[in-house]
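Asker: Fold the following and give me the result.
(chains A, B and C)
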Amino acid sequence: MSNLLRFPSLIAVTGVAALALGMGMALLAPAPVSGAAADALAPPASFAGITDEAKRSAALFTELGRVLTSPRCVNCHPVGDRPLQGDAQRPHQPPVFRGEDGMGLASLRCTVCHQATNYDPARMPGHDPWFLAPREMAFEGRTLAQLCAQIKDRKTNGDRSLADLVHHIGDDGLVGWGWAPGPGRTPVPGTQKEAKALAQAWVDTGAACPE
Amino acid sequence: MTALSLTINGTPHGPIEVRDDLSMNDFLREVLGMTGTKFACGAAQCLSCVVIVDDDDGTSATRPTCVTPAISFNGTQIRTVEGHAKEGKLTALQKAFVAHYAFQCGYCTAGFLNEAQVFLEGLQATPIPRAGLEQAILESLDGHLCRCSGYVRYHGAVRDVVLADPARYLR
Amino acid sequence: MQPTRREFVRWVAASGLTLALARLSPAGALPFEASQTLPGPANAPLIGRARIDGVAKVTGAKLYASDFRAADMEGWPATTAHALLVRTPDASHVYEGLNLDALPPQARPTKVVGATDVAAAALRAPPFYAGDLFCPVGQTPLYLGQPVALLLFESFDAYDRARIAFRDNRALLRFGAETGPRTGPNYAALRFTRIAGPTPGAPDVYSPLQQGWISPGFTEDSGRPIWRPLPTAEGGDYARGATYGEEIRALLAAESSDLLVLKRDFQTQSVDPMFLEPECGLGWYEEGAGALHLVLGVQSPFEAAEALDYMLAEAPATVRPKRLDLDFASLGGGFGGRDHTPFPLYAGLAALFLPGRPIRLAHDRYQQFQGGIKRHAFHMRSQIGIDRATGLISAFAADHVLDGGGLANYSPSVATVGATAATGIYSIPKVDVTTVAEHTRGVTAGSMRGYGTLQTMTAIETLIDEAATALKIDPVDLRRRNLLTAGGRTMTGNPWTVSVRTPEILDKLDAHPIWRDRAARKAAAPAGVLVGTGLACCTKDYGTGADCSLGRVEIDAQGHVTLHADSVEMGNGIGTAIARRVAAILGQTADAVTVARIDTFQELGLVTSGDPYSMTQATQDAAAKNPRWVPAISSATSASIGAHVGTQAAAQAARVLFRFGLWPAALDLWGIKAGDPREFLWEEAFWQDGFLIMSGLPPLAQTAIAAEAHARKGITGAMAHAFSRWAWAQAAFPLGGLDWAAEIDALAVRQGDGPFEVLDRSFVFFPPTDYNRIGTAFTSSCGTAVRVEINVPGGEIRIAQAYSVFECGEVLVPELVQGQAQGGFAMGVGYALLENLPPFEDGPGNGQWNLGDYVIARASDLPLHALEIEVLPPVSPKEPPKGMAEVVMIPVVPALLNAIFDATGHRFQSLPVTSAMLRKVIS
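Answerer: Residues are numbered from 1 along each chain as shown, chains lettered A, B, ... in the order given. As a prediction, this is how the structure comes out:
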């Protein structure tokens, strides 16, 4: 019955969010390549016109970067121990901290609020499990080039191979939550499947990084 | 609709048919009429609505009721502000809140009471050194918003409960 | 035009509606009444000297308006319906109606009430809330957050679904052509100009007190007032004052090398009171009896009654209730935001349009942000001229522009209070301040803790600090040189009439280690941390210039004391303060106190007429001939009047009860006969541990005295009304063969178990109506010193140590006073560093704001263990209580800004100062 209460098309953006998106994120978030709409991802094929493979690979990453720099991804890949929250990417309220396992301190565990699924009446996102990315995997404040280098480096990507990365982006359930975050949060552009295709194409073209 | 059964302050309730996305807060306040648990933000940002969930393993934790469906409490045992005092006798924490003038409007009090009670029970299970007490209280209560008091008296009240019985709470 | 200090709609008695003057059940307490009777005999032993509502609040007892449902109300049908007030997130397009077809079927309302329904029923918006109750279809909404419809639901589930749907789906409201926002005239435009005489003792050349308050009569096409004097026959009074004002401006513009002139802009933001309990009401229109029952939680019960009465007064008999039965509950916070709120009107409409069904209207937090009263954002341009040789301020000018939002509400008053506070704690011979409160499409701004003063004193206290730096004069010294001391004139031309403690407060700040050791602390700053220290000293008026209270005190034959008062409990502890003040007089702490009562004083038979803020002396004199007439019947609990005014009527009633009830009984018990010289030594007796002590006589148990008072059918109950217009109304009453004079203007007494009977006053003195020209007469002062630490480069700021010192005359309940100061400190920190609501479409009117985006101070933002509060002792044991709940918030803000300057070398000219802003200036 809760389906009746879902309005997927409705994204409420608060003032703070608009401000932050306008001022802060604009510096970080790459513009869509190949003219994709703001809520869509360009398919790998649309990059076929770039003949230089390294440049094509970098362009694919740049498009994938629209996923990685989405508030849905960055908020749980913060610098430091406190997650960010909302499209405005302000510090999480109430204050919660990473804790030993990335699932909060003993006094306030993530799962106290974040259940196995979204609870839309309260705009409470949920997934099982729900946790912070490790500190060395922080996305917050990174340029695309830095981000690209970081996620290729096994020391800062959770010891993942490139194939593992494609799998993480393309198949992980918690990552997938970013495309269905519930009301009040802008979803990651496109679909997880499209993101996976971009990631795979990027790897297939040599996993080059933008400058 | 789902049939919900749970134990509140030692009293079994249910099974009661509830809408799957009815919040626990509305279940307590609208269905049961138990309004000691407050509604303030509806987004788990002030924590005035938390109740205590007692786990079978003997541990307890607070949980906000405004962002959680009632059915997620199915089969649980919870405590609310109405259940602390027994037979008209206030707990040490309740007495301390009153004696310290800890709250003013009192709308956040149920949340602070539940959080601090869990904190005290945690100390009882795992005492801490005296030197870390204030910081431990801060970490425990910092999620809770109070607009009237400036928090000083809440924290002072909890500290005094601990210091009144150091053998129980401190090592 | 003379705007009122706190505007008050007139009592409308002609509507034919009866305000219920007694609750329905004559026998015993209703469950609701029992819930509000504190501590109650059962809990009294648990309370000791703590808050009377302490046990109720730690046990989750039903206490707040939001706790009650139909099933909790005796005599009501058992089930509760629910209402949803739909507000607009758009105020620049034509509203074209609801799109209810887009609602899920299970979320459809039983009934929809909108502008046409209200018009058809001839329901009116009270003048204080002038503007459509609902935006009519086909019009652009007047402001963001204006209600467009009230949806009534039989079931909670349907309501709950609809609430979420409207929050998340803007398409449920249809909008058409873009019109841009609607414009409207300003709410108030005033100019306060004073030119002092040539010597300190000489009369002013020109002052608002002497010449009256002035307002420019002309506006530009844009709606902005034309402040310069125009050569027209009209507005002669304005032209005269404005000419003096322009002289001051010219002086400041003259660029004399003898004068340091600073011209600074300062902007403050809109914030939300953020009381924790969202506004809520429960209603039931009992059609058969024609009674509209409402349970409400407001700071202004009497005003809510008046507003409802006005709304309903012209409705046809088929629609209009015959009586209003209003119950007022404790509040989960107020801070001014529930003083004169339109919310009760909508709660009333919900009940009226679903007759026979109890119905609840409750904001969620998003709705409370969208529709609740906000603090005014100010834009201030200040100019100060200081003589370089003496460090004396010679002239000050300022221009204030306030964003009043969509409805006038308290805007005229906020503008006035802000303007008349603009000179802070200083004596300045030449002052010229203009202020205009503008209509905008923003959410309505109104009353909030310290209104006006908070904004303008922050501006002057940072300006003074900057001047001290520029003049190389110690900031405390510069303040001392310019202090307005007792007997000196404020910018309206009147002196403060209460103790002035700013010299002591400055001494305290100067000597405090935070200030004294500031250089050493700065020098010892660890790497990566900027350390700065700042202070500020402010003063705040308490009272509005027409404040009153109602109090009723009874004692039974066992000595138990019962109290009723009209003041409202919103966390301030007013019931506790009244009980404490009365206990000192009657020897026993009341075990049954109810507050927010406007229905327990009918025997006084009070009547009122006119506007106490603007009536003429002749009108007042004529009206005062009626012994039942008072200038106002009941005040909002606001303006820090709790201790001073809110307790006054009950205390005076208790004095009557003691003097003419308990004292004669005690004389009887002691066997002291008439004519004995000890007969009149009642003021020398005192209570100790339940016994009345009188030198040379055996102690008497309070219980025995009470029993004797009842046995001899002496006075066992008294109810009184008190009124203050910067001085108490005084009256005399025939009691015990005497003409008993007291600072009250109405009195009724009860003898033995008999009914209350009103006494005609034999004499009355109301403070002159000229006192309405006074800006501030009652004021209390507070100083704050803070040391901050700012991380480099992150900009995170930590308050390392803080000290607030203030005065409030007699301290009734020390813990309450301390608590107010601690809470005021936290709210000051939030205002200075954290809280911010952008105006207009991105702001709270969009219905998407909650506490994640709107950040208030948490414990970790505050120096919980390094915040020292000091209360100066009263100047004499007889000094009455002074209001302090607002002033304790104010210096916190400029002290923080001054500390931030000390740490960073940067003067921020807008609020809040966030970490991001700090990061920029320290990088």
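Asker: What residues sit buried inside stretch C:699-717?
Answerer: Within stretch C:699-717, the residues that count as buried by 16 or more other Cβ atoms under 10 Å in any protein chain shown are C:700, C:702-703, C:705-710, C:714-717. Using the backbone N, CA and C atoms, a C-beta is placed for each residue, glycine as well.
Asker: For those, work out which two are farthest apart.
Answerer: C:700 and C:717 (20.2 Å; Cβ to Cβ).
Asker: what helices or strands is the helix or strand residue B:124 falls within leaning on?
Answerer: Using DSSP states H and E, residue B:124 sits within helix B:109-125. Applying 3 or more Cβ pairs under 8 Å, 6 or more residues apart in numbering or on different chains; DSSP states H and E, we find helix B:109-125 packed against strand B:51-54, strand B:60-63, helix B:92-99, helix B:133-141, helix B:152-164, helix B:166-169, helix C:54-58.
Asker: Average pLDDT for it, rounded please.
Answerer: The average of the pLDDT scores along helix B:109-125 is 98.
Asker: Repeat that for stretch C:256-265.
Answerer: The average of the pLDDT scores along stretch C:256-265 is 97.
Asker: Not counting its own residues, what contacts that stretch?
Answerer: The contact list for stretch C:256-265 (Cβ atoms under 8 Å, 6 or more residues apart in numbering or on different chains) reads C:252, C:255, C:379-389, C:394, C:459, C:463, C:466-467, C:470-471, C:909.
Asker: Confirm for me that residue B:25 is in contact with residue B:39.
Answerer: Yes. Taking contacts as Cβ atoms under 8 Å, residue B:25 lies within contact range of residue B:39: 5.3 Å.
Asker: list residues touching both of the two?
Answerer: Counting by Cβ under 8 Å, 6+ apart, the common neighbours of residue B:25 and residue B:39 are B:49, B:66.
Asker: Settle it for me: which of these two has more neighbours?
Answerer: residue B:39 (27 against 23; other Cβ atoms under 10 Å in any protein chain shown).
Asker: Three-state assignment for the more buried one, please.
Answerer: Here residue B:39 is recorded as coil under DSSP: H, G, I helix; E, B strand; the rest coil.
Asker: contacting residues around it?
Answerer: With contact set as Cβ under 8 Å, 6+ apart, residue B:39 has these partners: B:25, B:29, B:48, B:49, B:66, C:66, C:278, C:364.
Asker: and if we set it to 7 Å?
Answerer: Applying Cβ atoms under 7 Å, 6 or more residues apart in numbering or on different chains to residue B:39 gives the contacts B:25, B:29, B:49, B:66.
Asker: so what pLDDT did residue C:105 get?
Answerer: 94.
Asker: now do residue C:61
Answerer: Looking at residue C:61, its pLDDT stands at 95.
Asker: List phi and psi for it.
Answerer: Recorded main-chain torsions at residue C:61 are phi -60, psi 150, according to degrees, to the nearest 10.
Asker: Tell me who's in contact with it.
Answerer: Taking Cβ under 7 Å, 6+ apart, one finds residue C:35 in contact with residue C:61.
Asker: Next, residue C:170: phi, psi?
Answerer: phi -70, psi -20.
Asker: How about it, nearest residue that isn't a chain neighbour?
Answerer: Nearest residue to residue C:170, sequence neighbours excluded (Cβ to Cβ, 6 or more residues apart in numbering or on different chains): residue C:89, at 6.3 Å.
Asker: Just confirm residue C:54 contacts residue B:99, I think it does.
Answerer: No. Counting by Cβ atoms under 7 Å, residue C:54 sits too far from residue B:99 to count as a contact (8.1 Å).
Asker: who's more crowded, those two?
Answerer: residue C:54 (29 against 19).
Asker: How much space separates the more buried one from chain A?
Answerer: To chain A, residue C:54 is 26 Å away according to Cβ to the nearest Cβ, to the nearest Å.
Asker: and what of residue B:14?
Answerer: From residue B:14 over to chain A (counting by Cβ to the nearest Cβ), the distance is 19 Å.
Asker: Please confirm that that residue is located within a strand.
Answerer: Yes. Counting by three-state DSSP, residue B:14 falls inside a strand.
Asker: State the pLDDT value of the closest residue to it other than its chain neighbours.
Answerer: Closest residue to residue B:14 apart from its sequence neighbours, by Cβ to Cβ, 6+ apart: residue B:5 at 3.5 Å. Here the pLDDT value assigned to residue B:5 is 97.
Asker: Can I get the helix or strand hosting residue B:5 in CSV? Just the C-alpha atoms.
Answerer: Per DSSP H and E: residue B:5 is located in strand B:2-8. What follows is strand B:2-8, C-alpha atoms only, in CSV (Å, rounded to 0.1, in the frame of the first residue of the first chain):
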residue,chain,number,x,y,z
THR,B,2,-0.1,-5.8,9.1
ALA,B,3,-0.9,-7.1,12.6
LEU,B,4,1.4,-5.5,15.1
SER,B,5,2.2,-6.9,18.5
LEU,B,6,4.6,-5.5,21.0
THR,B,7,5.2,-4.9,24.6
ILE,B,8,5.2,-1.3,25.9
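Asker: circling back: centre of the chain versus the helix holding residue B:124, how much separation?
Answerer: 6 Å (Cα atoms, centre = their mean, to the nearest Å).
Asker: And stretch C:877-885, by the same measure?
Answerer: With Cα atoms, centre = their mean, you get 17 Å for stretch C:877-885.
Asker: Other residues contacting that stretch?
Answerer: Under Cβ under 7 Å, 6+ apart, the answer for stretch C:877-885 is C:498-499, C:542-543, C:572, C:640-644, C:778, C:780, C:806-810, C:812, C:817, C:820.
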